[in-house]
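> Build me a model from this:
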Amino acid sequence: MTSAGCFGFDRKSTTTGPTASGVAALLGNWSSASVIPSPNGCSDFKWSATEQSANTARGTFSATCAAGVKLAGTAQGTLSGSTVDWAAEGTASAAEIVSCRFALTGTAELAADSIRVPYSGDTCVGHVSGVEVLRKQ
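Below is the predicted model:
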């Protein structure tokens, strides 16, 4: 007497590459494509996020604003879903003015390879606001 058995094999395969999720998606170097600031705005944003905790990332920040004002300092963002509440502060400087403190804030929107960054704040030359899109480098 013989018996027959049935064997089934299921094989699943995916070919997706690694993707960062959560706060890890904020780490790395980010920069904007625009280099000419609008009359009341800033451009040439750069953010290098190097520190992280459970839901925050922190790093160095720079930008160029109207009247050639250069910003340099630190920025920190707190991730909640796909939005990032962020703040940057540091020193603003330009050839014609004495260096002074600046502060910018906003709520950014995180996408797969970019961050849309609405911002507003105050510099030596007055209030700045706008929207910048940063791409991961």
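
> List the strands paired with the host helix or strand of A87, with their directions.
In the assignment (DSSP states H and E), A87 maps to strand 83-94. Next to strand 83-94 in the sheet, as set by DSSP bridges, lie strand 69-80 (antiparallel), strand 97-110 (antiparallel).

> And the contacts of the longest one?
Outside of strand 97-110, the residues that reach it under the criterion C-beta atoms under 8 Å, 6 or more residues apart in numbering are 25-26, 42, 69, 71, 73, 77, 79, 82-93, 115-125, 128. From N, CA and C alone the C-beta is placed, and that goes for glycine too.

> Compute the inter-axis angle for the helix or strand following that strand and strand 83-94.
With elements assigned by DSSP H and E, the helix or strand that comes after strand 97-110 is strand 114-123. Between strand 114-123 and strand 83-94, the angle comes out at 50 degrees (axes from the mean of the first three to the mean of the last three C-alpha atoms, to 10 degrees).

> what's strand 114-123 in contact with?
26, 30, 42, 45, 65, 69, 71, 84, 86, 88, 92, 100, 102-109, 127-136.

> What's the mean pLDDT across it?
Averaged over strand 114-123, pLDDT sits at 90.

> Point out where this protein drops to low pLDDT.
1-22, 33-37 (pLDDT under 70).

> sorry, back to before: adding distance to S38 and mean neighbour count as columns, could you present the strands paired with strand 83-94 in JSON lines?
Output for those, formatted as JSON lines (distance: least, C-beta to C-beta, whole Å; neighbours: other C-beta atoms under 10 Å):
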{"stretch": "strand 69-80", "distance to S38": "13", "mean neighbour count": "19"}
{"stretch": "strand 97-110", "distance to S38": "15", "mean neighbour count": "16"}
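
> so which of these comes closest to Q52?
strand 69-80 (9.5 Å; C-beta to C-beta).

> so how far is the closest one off the chain centroid?
8 Å (C-alpha atoms, centre = their mean, to the nearest Å).

> Many thanks, have a good one.
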